[in-house]
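A.B. asks: Model the following, please.
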Amino acid sequence: MQTVSRVLSHGRTELAKVIIGQEELITQCLITILCQGHALVEGVPGIAKTLAIKCIARLFDLEFRRVQCTSDLMPADIIGSNVLNLSTSTFSLHRGPLFTDLLLADEVNRMPPRTQAALLESMEERQITIDGVTHPLTSFFTVFATQNPVEFEGTYPLPEAQLDRFLLKIKVGYPESDQEIAILENHHQGFSMHNLEKAGITAMSNEDLAAARAEVRAIRVEPALFRYIVQIVRRTRDWPSFALGASPRAAVSLMMAAKACAALEERDYLIPDDVKAASLPVLRHRVMMKPEAELEGLDSDQVLKEIIGSVEVPR
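C.D. replies: Sure, this is the predicted structure:
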């Protein structure tokens, strides 16, 4: 676990130059990158969601593109299209922002359904098809999509098929009081989020990231833990508070994220606590609450904690 440990230590040190607090956001962003997954980041405006993702791209020296999602965004605006060159009478490919290593889809729920669907192929297959021709994306291709939990006007809720493609749903809260004071002091001393060059984030190589991913894949998983993961996921399907439970893809995602949690703890084997740590961010967006459960004031995190507590932990 030497490379993963180095990535975690270096990442937290470098990101702390820019981001104060938000340790859970940083850790879960790193898990997303290590698992070759995608993440949905939910939180109110102004709490460093976009800043953290831009810094992650700098940390791993990844090409970064951003799409500001709006209700009139068309599929060709993000995937690109073939454009006629009048001087040569030939078509050339104009590549959209999806042709990158790390894509930030800001306010993804403002994107119309047709354009949301254009993301599916790239997220699942890491390729884009334009006019019948398939274009492969890099192995580092990652989508971080943000959304505001309190705005409903002019938004298009993501369908279940789209949500299931996100490895994690990361909930970002407000910083603590002392952290917010430190943020003010930082800005008072001249820090600007618009000039990250001055922050001096030292990048890691793509080779280090590839090696860290290999270490995560090599984490040992005992048969009893396969059963534990499956029991948690299957129990979401018949739990009385849920109208829709998690899919088999959710079980695979839970295992992958739990392996990353083990690697971040510098272990080469999985334990039940790793599965518990990964369960909420992996499952919270893959289940659907029944209306009557919501009326009782329950949310998916509360119910998932009940489910995890009801499953016998393997010895």
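
A.B. asks: And the average pLDDT for the helix or strand harbouring C55 is what?
C.D. replies: Using DSSP states H and E, C55 falls within helix 49-59. For helix 49-59, the mean per-residue pLDDT is 90.

A.B. asks: and it, which residues are buried?
C.D. replies: Within helix 49-59, the residues that qualify as buried are 49-59, counting by 16 or more other Cβ atoms under 10 Å. C-betas here are computed from N, CA, C, even on glycine.

A.B. asks: E197: which of those is nearest?
C.D. replies: Distance to E197, by Cβ to Cβ, is smallest for R58 among the buried residues of helix 49-59, at 9.2 Å.

A.B. asks: Against L51, how distant is the residue lying closest to that closest one once chain neighbours are set aside?
C.D. replies: Spatial nearest neighbour of R58, chain neighbours left out: I201 (4.7 Å); criterion: Cβ to Cβ, 6 or more residues apart in numbering. Distance of I201 to L51, computed by Cβ to Cβ, to the nearest Å: 12 Å.

A.B. asks: distance of L40 from Q2?
C.D. replies: On the measure of Cβ to Cβ, L40 and Q2 end up 31 Å apart.

A.B. asks: The two - which one has more neighbours?
C.D. replies: Shown here are L40 and Q2; by other Cβ atoms under 10 Å, L40 has more neighbours (26 against 10).

A.B. asks: helices or strands up against whichever strand or helix holds the more buried one?
C.D. replies: Here L40 sits within strand 39-42, counting by DSSP H and E. Applying 3 or more Cβ pairs under 8 Å, 6 or more residues apart in numbering; DSSP states H and E, one finds that strand 39-42 makes contact with helix 23-34, strand 142-147, strand 168-171.

A.B. asks: Adding distance to R213, mean neighbour count and mean pLDDT as columns, could you present these in JSON lines?
C.D. replies: Shown next, in JSON lines, are the helices and strands packed on strand 39-42 (distance: least, Cβ to Cβ, whole Å; neighbours: other Cβ atoms under 10 Å; pLDDT from 0 to 100):
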{"stretch": "helix 23-34", "distance to R213": "6", "mean neighbour count": "22", "mean pLDDT": "92"}
{"stretch": "strand 142-147", "distance to R213": "12", "mean neighbour count": "25", "mean pLDDT": "94"}
{"stretch": "strand 168-171", "distance to R213": "16", "mean neighbour count": "23", "mean pLDDT": "95"}
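
A.B. asks: hmm, who's touching the helix holding C55?
C.D. replies: 10-11, 14-15, 18-19, 22, 25-26, 29-30, 33, 41, 43, 62-64, 66, 101-102, 104, 106, 144, 146, 172, 193, 196, 199, 201, 203-204 (Cβ atoms under 8 Å, 6 or more residues apart in numbering).
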